[in-house]
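Trainee: One predicted model, sequence on top.
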Amino acid sequence: MNWDDNGPDIDQRLVDSGPDGEDQAVEAALRPKDLDEFVGQEKVREQLDLVLRAARARGATADHVLLSGAPGLGKTTLSMIIAAEMNAPIRITSGPAIQHAGDLAAILSSLQEGEVLFLDEIHRMSRPAEEMLYMAMEDFRVDVIVGKGPGATAIPLELPPFTLVGATTRAGLLPPPLRDRFGFTGHMEFYEPAELERVLHRSARLLDVEIDTDGAAEIAGRSRGTPRIANRLLRRVRDYAQVKADGIIDRDIAAAALKVYEVDARGLDRLDRAVLGALLKLFGGGPVGLSTLAVAVGEERETVEEVAEPFLVREGLLARTPRGRVATPAAWTHLGLVPPQQGNGKIGQQGLFGT
Ligand SMILES: Nc1ncnc2c1ncn2[C@@H]1O[C@H](COP(=O)(O)OP(=O)(O)OP(=O)(O)O)[C@@H](O)[C@H]1O
């Protein structure tokens, strides 16, 4: 198995919150273009609106903005909205693409006045680049080092004022000196089902797909609080509706389509249910060690820990304890099983997709 610091390399899952090739093509068309169109995230939206309005009123460049939150919640989208609201161009790059301070100097020195620089995964930048960024953010200046060893000289380079929008999945990973240089930090939360329904209705309109209220609710409930996943599920349900029905998405069509794609009523997929199923059926709900659980489902430890568990924990279906992994009562209910003290872990009446 390939395994880099991005996480385990398993087949792209329908419920993965990272982008896939098809997403990248479609996402551009589905991105809200201004703050009014951007669904949910009320706090971040309201605060950002103030920051941007004030900057516009002063005729100044907006303060640097840090956006933290899980993949697919709209950080890239918000950075584009910031540029649009400031009527400024945007440059998009990412931490892993900037390994040398020189890479960053080249980008910074080519920015136009007022330009927005979106730096995704800012926590994965190299240390020398990060240190150059401190000075660039604060003084709009960088020192370019020319030559090596004792003869090396630092040539100061003035930069035009710009707005840095940094995105990170975990603000806690940023060194405090970097975090402190952002004038505004917005934490993006997972979306409520009702908000995802609004995202879905909007996307369906743009994709020219007919969907009713119940159909949108059915997809929203399975989208793990993430607009990217909601939009991806919508496209798969649209395919099903076109091939198997009249193209209109209602609750039954959405449920039938997502049964085919093995995404259940709470958004768990085959891997999630395999982990949960093993924990319940083979180990009586735990506690069981991670390695044992991984062997039981035929996956790597990292896959179970990094890919399946975070959502199961977030959903309150699994707990990580010092003695091992433990299923919660909700896990038994979700898989239609009866906890041992009530009935020795026998399979109950409910089917997996009906719960
Ligand atoms: N609030 C929202 N309203 C409507 N659509 C949204 C919203 N947030 C995200 N989306 C849609 O979800 C998709 C993913 O959003 P985006 O690329 O901005 O996420 P991200 O947080 O930058 O993810 P990553 O960290 O993986 O780059 C886009 O198609 C975007 O249109």
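Mentor: Nice, thanks for sending it over.
Trainee: right, and residue 82 touches residue 49 too?
Mentor: No - taking CB atoms under 8 Å as the definition, residue 82 is not a contact partner of residue 49, at 10.5 Å. Quick note: C-beta positions are derived from backbone N, CA and C, even for glycine.
Trainee: Which of those two has more residues huddled nearby?
Mentor: Taking residue 82 and residue 49 together and counting by other CB atoms under 10 Å, residue 82 has the greater number of neighbours (23 against 13).
Trainee: domains in the protein, as residue ranges please.
Mentor: Following automatic domain parsing, one finds the domains of the chain at 41-187, 193-260, 270-334.
Trainee: most tightly surrounded among those?
Mentor: Looking across the domains of the chain with neighbours counted as mean count of other CB atoms under 10 Å, the highest average goes to domain 193-260: a mean of 20.
Trainee: re the thing from before, need the domains of the chain in CSV (columns: distance to residue 33 and mean pLDDT).
Mentor: Rendered in CSV, the data for these read as follows (distance: least, CB to CB, whole Å; pLDDT from 0 to 100):
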stretch, distance to residue 33, mean pLDDT
domain 41-187, 6, 92
domain 193-260, 11, 95
domain 270-334, 30, 94
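Trainee: In a markdown table, list these along with distance to residue 21.
Mentor: Putting those into a markdown table (distance: least, CB to CB, whole Å) gives the following:
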| stretch | distance to residue 21 |
| --- | --- |
| domain 41-187 | 15 |
| domain 193-260 | 12 |
| domain 270-334 | 19 |
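Trainee: Please produce TSV containing these, extended by distance to the ligand.
Mentor: Compiled in TSV, the domains of the chain are given as follows (distance: least, CB to the nearest ligand atom, whole Å):
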stretch	distance to the ligand
domain 41-187	3
domain 193-260	4
domain 270-334	15
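Trainee: between these, which one is nearest to residue 15?
Mentor: domain 193-260 (5.6 Å; CB to CB).
Trainee: Can you give me the first-to-last residue distance of that closest one?
Mentor: For domain 193-260, the first and last residues are 22 Å from each other (CA to CA, to the nearest Å).
Trainee: next one: stretch 209-216
Mentor: Across its full length, stretch 209-216 reaches 11 Å end to end, with CA to CA as the criterion.
Trainee: which residues touch that stretch?
Mentor: Residues outside stretch 209-216 that contact it (CB atoms under 8 Å, 6 or more residues apart in numbering): 197, 200-201, 204, 219, 234, 237-238, 241, 247-251, 253-254.
Trainee: let's see it at 7 Å
Mentor: Counting by CB atoms under 7 Å, 6 or more residues apart in numbering, the neighbours of stretch 209-216 from elsewhere in the structure are 197, 200, 201, 204, 238, 247, 248, 249, 250, 251, 253, 254.
Trainee: same check, this time on stretch 56-70
Mentor: By CB under 7 Å, 6+ apart, the surrounding residues in contact with stretch 56-70 are 17, 51-52, 55, 75, 78, 82, 86, 114, 137, 161-171, 179, 181-188, 190, 226.
Trainee: Sort out which of those are in strands and list them.
Mentor: The subset of the contacts of stretch 56-70 located in strands under the criterion DSSP state E comprises 163, 164, 165, 166, 167, 168, 184, 185, 186, 187.
Trainee: can you redo those residues as CSV with distance to residue 324?
Mentor: Compiled in CSV, the ones in strands among the contacts of stretch 56-70 are given as follows (distance: CB to CB, whole Å):
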residue, distance to residue 324
163, 47
164, 43
165, 41
166, 37
167, 34
168, 31
184, 41
185, 36
186, 37
187, 31
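Trainee: For residue 184, which residues are in contact?
Mentor: Taking CB under 7 Å, 6+ apart as the contact definition, residue 184 lies against 47, 48, 51, 63, 65.
Trainee: try 6 Å
Mentor: With CB atoms under 6 Å, 6 or more residues apart in numbering as the criterion, the residues that contact residue 184 are 51, 63, 65.
Trainee: how much space between the second one and residue 82?
Mentor: Spelled out, that is residue 63. Separation of residue 63 from residue 82 (CB to CB, to the nearest Å): 10 Å.
Trainee: Repeat that for residue 339.
Mentor: Relative to residue 82, residue 339 is positioned 49 Å away (criterion: CB to CB).
Trainee: before we move on, what about residue 314?
Mentor: Using CB to CB, residue 314 is found at 28 Å from residue 82.
Trainee: Helices along the stretch 1-150 of the chain, start to end?
Mentor: Assigned by DSSP state H, counting those that start in this stretch, the stretch 1-150 of the chain shows helices spanning 21-30, 42-58, 75-85, 101-109, 127-139.
Trainee: can you put the ones you listed in CSV and add distance to residue 121?
Mentor: Conversion of these to CSV gives the following (distance: least, CB to CB, whole Å):
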stretch, distance to residue 121
helix 21-30, 16
helix 42-58, 19
helix 75-85, 10
helix 101-109, 14
helix 127-139, 12
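Trainee: Please identify which of those is closest to residue 293.
Mentor: Between residue 293 and the helices of the stretch 1-150 of the chain, the shortest gap by CB to CB is with helix 21-30, which sits at 30.3 Å.
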